[in-house]
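Chemist: based on what follows, work out the 3D shape:
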Amino acid sequence: MSKLRILYVASEINPFLQYSEVGKMLRKLPQAMQERGLEVRILIPRFGLINERKNRLHEVVRLSGINISVGEEEKPLIIKVASIPNAKLQVYFIDNEDYFQRKYVFHDKANKFYDDNDERAIFFCKGVMETVKKLGWAPDIVHCNDWMTSLIPLYLKTRYKQDPVFKDAKSVFTVHNNPIKFKFGKDLLSKVKMLDIEDKMLTNLNTGDYEGFIKIGMEYADAVIRTESDYTDSISKLFAETGKNKKVELLAATDETLDEEKYYNFYNELVG
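Modeler: Below you'll find the predicted structure:
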């Protein structure tokens, strides 16, 4: 029997970038699964806070050079890679000069949310899909974490559903309790769209806010993970509604409480 293949996608991973508890989870969980015999790949954005020299990032030329469309714009995709110290894990970084060469993550130095964070998320999600295609590595599970990755389950069910690399992949969307206040413009839906995506598929994004991104991730994922018992009332209602149609599992995600055995069983049950 071949190894189960898991693709982890998130906005951060320790030690390269620690922005929230997500970074700690992404450091611990993939290694734990790899030590249990699973095959793992990790992709995150190359935010400007990540020091390339210190962390020994280098460009993967054979994976770079694709243009990613975001609305009417096309932006070049640069792929970099680095190894996690003291672990047999490589991390691939999605990079673009316009979107990620900044000294901050989602807010500027005045704590203002970047107006183009929607474009950065779209570029990242599309970049992940194209990078994995170029790798020629077919994941059994794509485990997406937090709002910035929420479009990937949608793309897996539409544009990439017939692609040989993704046709058998199951998606997991973990809702971390990191709400962000923002409201994107009315052109959000036109930027998100790709081939095989109709307007009615994007209804949950009409609000243009954090909750809209969470809704779209939960809607199209094959399974959903909640990391805590307590969320806002509206998000809690989403879990209840989603649980009527698909598996919604409570799995702790902090470094101290992460239960490796439960995650291992969860993955294996999902793929059958």
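
Chemist: what about the longest strand along the chain, average pLDDT?
Modeler: As assigned by DSSP state E, the longest strand anywhere in the chain is strand 73-83. Strand 73-83 shows a mean pLDDT of 96.

Chemist: give the buried residues for it.
Modeler: Counting neighbours by 16 or more other Cβ atoms under 10 Å, one finds that the buried residues in strand 73-83 are Lys75, Leu77, Ile78, Ile79, Lys80, Ala82. Just so you know, the C-beta spots here come from the backbone N, C-alpha and C atoms, and that holds for glycine as well.

Chemist: sheet partners, orientation included, of that strand?
Modeler: Using DSSP bridges, strand 73-83 pairs in its sheet with strand 58-59 (antiparallel), strand 66-70 (antiparallel), strand 90-95 (antiparallel).

Chemist: how far away is Asn55 from Phe47?
Modeler: Distance from Asn55 to Phe47, counting by Cβ to Cβ, to the nearest Å: 12 Å.

Chemist: which one among the buried residues of strand 73-83 gets closest to Glu211?
Modeler: Checking the buried residues of strand 73-83 against Glu211 by Cβ to Cβ gives Lys75 as the nearest, at 26.9 Å.

Chemist: buried stuff in stretch 257-267?
Modeler: Quick answer for stretch 257-267 (16+ other Cβ under 10 Å): Leu258, Tyr263, Tyr264, Phe266, Tyr267.

Chemist: could you pull up the mean pLDDT of that stretch?
Modeler: 91.

Chemist: and for stretch 201-214?
Modeler: Looking at stretch 201-214 alone, the average pLDDT works out to 95.

Chemist: now tell me what touches that stretch from outside.
Modeler: 118, 121, 147-148, 150-151, 154, 158, 175, 179-186, 188-189, 192-193, 215-216, 219, 234-235, 238 (Cβ atoms under 8 Å, 6 or more residues apart in numbering).

Chemist: ends of that stretch, what's the gap?
Modeler: 14 Å (Cα to Cα, to the nearest Å).

Chemist: no further questions, thank you.
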